[in-house]
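>>> no sequence for this one, just the structure:
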């Protein structure tokens, strides 16, 4: 799966990409929950990308970006600098970052 392949509706602040065939996750519900969390945190006009994937992909990301050759449950990649944020008026006031979640680590009732 590739972020470029995601059909991103205008105004969506949370993009959910699922490339794990057996995730059992309701992407629309997850998107709504993330948007509610952003609003509760006082950053309702910021965007976040969420990748639901498997252990192999998370392990590769962990190795490539953190130098740790092991899988984990969640990786987060924050956008700390203003230059990394999106221009005002495009999907939000800024891009907070990206999350990669290893679906096999997520307990079944949480899905």
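Ah, there it is. Predicted model, so just to flag it, every value in this text is computed and none were measured. Numbering: from 1, shown residues only.

>>> Now residue 49: which helix or strand?
Taking DSSP states H and E as the definition, residue 49 sits inside strand 46-53.

>>> Now do the helix or strand just after that strand: which elements does it pack against?
Heading C-terminal from strand 46-53, the first helix or strand you meet, by DSSP H and E, is helix 55-66. Counting contacts by 3 or more C-beta pairs under 8 Å, 6 or more residues apart in numbering; DSSP states H and E, helix 55-66 packs against strand 74-78, strand 94-102. In this view, the C-beta of every residue, glycine as well, is placed from N, C-alpha and C.

>>> tell me the angle of helix 55-66 relative to strand 46-53?
If you take axes from the mean of the first three to the mean of the last three C-alpha atoms, to 10 degrees, helix 55-66 sits at 130 degrees to strand 46-53.

>>> Give me the buried positions along the biggest helix by length in the chain.
Ranked by residue count and defined by DSSP state H, the top helix of the chain is helix 27-40. The neighbour-count check on helix 27-40 (16 or more other C-beta atoms under 10 Å) flags 30, 31, 34, 35, 38 as buried.

>>> Can you lay out those as JSON lines showing pLDDT and distance to residue 59?
Formatted as JSON lines, the entries for those read as follows, by pLDDT from 0 to 100; distance: C-beta to C-beta, whole Å:
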{"residue": "30", "pLDDT": "87", "distance to residue 59": "22"}
{"residue": "31", "pLDDT": "88", "distance to residue 59": "25"}
{"residue": "34", "pLDDT": "89", "distance to residue 59": "24"}
{"residue": "35", "pLDDT": "88", "distance to residue 59": "29"}
{"residue": "38", "pLDDT": "86", "distance to residue 59": "28"}
